[in-house]
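Colleague: Got a predicted structure plus its sequence, pasted below:
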Amino acid sequence: MIRERFSYRQTIATILADTTEHIEAAKAGMLAARQVLEGYIARDPFFSTTFDPCAPDSDELIITRMADATRTAGVGPMAAVAGAIAWAGVEAMQEAGAVFGVIDNGGDIALICDRNVRVGVHAGEAALSNRIAFVVPPQDSVLGICTSSATVGPSISFGVADAVTIFSRNVALADAWATSVCNQIRPDDHSVLDQINPDDVRGIFAIMGDQHVTWGMLPPIVRADVDERLISAGDR
């Protein structure tokens, strides 16, 4: 397996693949998606600044994916940017023939895999941080595993959760809901989870201090020793 860091402007990602060809495909896919996004933002700066859903004047795939996802989750379109770019990269890997490919764009992960993959959870100073991992079974189609935090990293959050991880086939939607749930969930109030359509989201794992909350169907969770040096900074 090859592990390579990829950095382009705000995108700082880690790519896992079996071949250099698939690494290059991932980079090309992410670059193409970024170029489309940057071109649209140059025409419509509001798209990159609003915290509310909006209706963009574009039929480009990355733009519509971000807008549709954040409209569903009730957040601004840039809440889905990291997941959408990772998704584009993994799709490019698939098109190049990959059956294994992981892109971690700052905790927002898109993957396909022909083997079990362990995904660790970093949640700042919370008790479970760097101590558990999800064992994701083989996936023929792209799976999104996206995490938002109110206590880790530079992203804007209106919440208190140390980590909210969302599993969905729609990677942009996983990213958007991670932001939305992280903004709203509280140790004594989990009502935001009632808003989520189980047809869209497969599972949720939220960590708040010494408390954790689960929703839906999650992969097996095992004890792990997560190496923080493997964490990517991601899109902002």
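Modeller: Nice, thanks for sending it over. Nothing here was measured: the structure is a model prediction, and the numbers come from that model.
Colleague: which non-adjacent residue is nearest Asn62?
Modeller: Check again: residue 62 is Ile, not Asn. Excluding the flanking residues, the one nearest Ile62 by C-beta to C-beta, 6 or more residues apart in numbering is Ala33, at 4.7 Å. C-betas here are computed from N, CA, C, even on glycine.
Colleague: residue ranges of the helices in the chain, please?
Modeller: Remark: helices assigned in the chain by DSSP state H are 20-43, 46-49, 61-73, 81-95, 171-184.
Colleague: right, and these - which one's nearest Glu4?
Modeller: Set against Glu4 and scored by C-beta to C-beta, the helices of the chain come closest in helix 20-43, at 5.3 Å.
Colleague: Please name the nearest non-neighbouring residue to the residue positioned nearest the centre of the chain.
Modeller: With distances taken as C-alpha atoms, centre = their mean, the residue of the chain nearest its centroid is Asp108 (2.4 Å). Leaving aside its chain neighbours, Asp108 sits nearest to Ala82 (3.9 Å; criterion: C-beta to C-beta, 6+ apart).
Colleague: pretty sure Ile103 is touching Ala13, no?
Modeller: Yes. Using C-beta atoms under 8 Å, Ile103 makes contact with Ala13 at a distance of 5.6 Å.
Colleague: shared neighbours of the two, which are they?
Modeller: The contact sets of Ile103 and Ala13 overlap at Met30, Ala86, Gly89 (C-beta atoms under 8 Å, 6 or more residues apart in numbering).
Colleague: can you pick the most crowded of those?
Modeller: Using other C-beta atoms under 10 Å as the neighbour test, the shared contacts of Ile103 and Ala13 are led by Ala86, with 37 neighbours.
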